[in-house]
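Chemist: Sharing a model prediction with you, sequence too.
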Amino acid sequence: QVQLVESGGGLVQAGGSLRLSCAASGRTFGRYRMAWFRQAPGKERDFAAGISRSGDSTYYADSVKGRFTISRDNAKNTVYLQINSLKAEDTAVYFCAAGNGFGPIPRRSNEYGYWGQGTQVTVSS
């Protein structure tokens, strides 16, 4: 099993940047594909970005391409999400997720078995 703890959220003005972090427990972090999802008020939880076990492959939702960058440091058991050019519509709770398996990075939430508690990102316009 793995436990995930997100940090780095906050209140930011539109156009600003944030870096979210997700720290994982355990010694098997490198076995998991990792992803960031986000959930805006009254909406479903949506995939934002995902990264392969080694970090050599990433995948982004169309809505965040060019502004979000996912990365990981397996030595530190941490995955990051750099968010630039923040927009009001980026306001959401951001969740880190870990998933087993092989192949392409999954985009459906039910393919991830482990979740953090979320961190709130609020963008003021």
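Modeler: Perfect, I can see it now.
Chemist: give me phi/psi at the closest residue to residue 114 other than its chain neighbours?
Modeler: Spatial nearest neighbour of residue 114, excluding adjacent residues (Cβ to Cβ, 6 or more residues apart in numbering): residue 98 at 4.1 Å. No exception for glycine: its C-beta is placed from N, CA and C like everyone else's. Dihedral angles of residue 98 (phi, psi; degrees, to the nearest 10) stand at phi -120, psi 140.
Chemist: how about the nearest residue to residue 49 once chain neighbours are set aside, what does it touch?
Modeler: Distances taken as Cβ to Cβ, 6+ apart place residue 70 nearest to residue 49, at 4.0 Å, with adjacent residues excluded. Residues in contact with residue 70, defined by Cβ atoms under 8 Å, 6 or more residues apart in numbering, are 34-36, 49-51, 58, 60, 79-82.
Chemist: where do the helices sit along the chain?
Modeler: Using DSSP state H, no helices are found in the chain.
Chemist: Next up, the contacts around the spatially most central residue of it.
Modeler: Compute the mean C-alpha point of the chain, and by Cα atoms, centre = their mean the closest residue is residue 36, 2.1 Å away. Applying Cβ under 8 Å, 6+ apart, we find residue 36 in contact with 20, 22, 48-50, 68, 70, 79, 81, 94-97.
Chemist: Next: residue 4.
Modeler: 22-25, 96-98, 114-116.
Chemist: do the same with residue 2
Modeler: 24-26, 28-29, 32, 98, 114.
Chemist: For residue 104, state which of these is nearest.
Modeler: residue 32 (14.9 Å; Cβ to Cβ).
Chemist: My guess is that closest one contacts residue 101. True?
Modeler: No. Taking contacts as Cβ atoms under 8 Å, residue 32 lies outside contact range of residue 101: 9.2 Å.
Chemist: When those two are compared, which one has more neighbours?
Modeler: More neighbours surround residue 32 than the other of residue 32 and residue 101, with 25 against 13 (other Cβ atoms under 10 Å).
Chemist: What's the per-residue pLDDT of the more buried one here?
Modeler: pLDDT for residue 32: 95.
Chemist: I am finished for the moment; much appreciated.
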